[in-house]
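> Fold the stuff below for me.
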Amino acid sequence: MRRQKSAFRLVAEPILVAVVLAFAVRATMRIYSIPSSSMTPTLSAGDHIVVTPYRGGSPERGDVVVFRSPVAGAELSVKRVIAVPGDLIDTREGSVRIGGRALTEPYLAISDGSGPITPQVIPAGFVFVMGDNRGDSLDSRHWGLLSRRLVAGRARFVLWSSGVRRVRIFKRID
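Below you'll find the model as predicted:
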């Protein structure tokens, strides 16, 4: 003979499961909104991106990362990692070079030059970040190296976009 669940359990169990799942998802990923065009064409103002933290790993060259601004502490920014610890970065004739070789950057819509970067070796615990829209990006060229401690996580995909010109749902960020 089966016992029937009480009305309370019938309502409370699904709510409890939903709350536990919400906390689990919140612990593994965050959603951020892109406020500016500094990452165009990869990301546009109005895009909402899913970000996962680096658990036991570190940012790699090419990753798009969200971080606390080194100049405006509470403000969040998003840029691409261009150089990692041990890399020698500089520019020549408008091209970013790593270890003396020009960096291939297929994510740039306009290759209008990256401006001068003083030759430097990236120390442990830091990365060099730049926006994909080099002409409209405040990044490591302006405020220096980014401490790994400020990185919130890696952008994985655009969940949705609420931009004026288009609506886009689920675009992978590479």
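> List the contacts of Leu146.
Residues near Leu146 by C-beta atoms under 8 Å, 6 or more residues apart in numbering: 67, 70, 79, 126-129, 140. Quick note: C-beta positions are derived from backbone N, CA and C, even for glycine.
> can we see that at 10 Å?
By C-beta atoms under 10 Å, 6 or more residues apart in numbering, Leu146 lies in contact with 59, 65, 67-70, 77, 79, 81, 122, 125-129, 139-140.
> can you pull up the bridge partners for it?
Residues in a beta bridge with Leu146, per DSSP bridges, are Val127.
> secondary structure element for the residue nearest to Arg30 when sequence neighbours are not counted?
Once flanking residues are discounted, Arg30 sits nearest to Val51: 4.9 Å by C-beta to C-beta, 6 or more residues apart in numbering. Val51 is part of strand 47-52 when elements are defined by DSSP states H and E.
> Run me through the strand neighbours of that strand, direction for each.
Here, using DSSP bridges, strand 47-52 pairs with strand 30-33 (antiparallel), strand 151-161 (antiparallel).
> Of all these, which one is nearest Arg55?
Smallest distance to Arg55 across these (C-beta to C-beta): 9.2 Å, for strand 151-161.
> now the closest one, how far from the chain's geometric center?
Distance, stretch centre to chain centre, for strand 151-161: 6 Å (C-alpha atoms, centre = their mean, to the nearest Å).
> Buried residues in it, which are they?
By neighbour count on 16 or more other C-beta atoms under 10 Å, the buried set for strand 151-161 is 151-155, 158-159, 161.
> On the three-state scheme, Leu10 is what?
Using DSSP: H, G, I helix; E, B strand; the rest coil, the structure places Leu10 in helix.
> okay, it: pLDDT?
For Leu10, the model assigns a pLDDT of 80.
> Ok, Met1 next?
If you check Met1, the pLDDT there is 52.
> So, low pLDDT: which residues of this protein?
Confidence mapping of the chain against pLDDT under 70 gives the ranges 1-4, 22-28, 112, 163-171, 174.
> how about the strands in it?
Along the chain, the segments classed as strands by DSSP state E run 30-33, 47-52, 64-68, 76-83, 88-92, 95-98, 101-102, 120-121, 126-130, 146-147, 151-161, 168-172.
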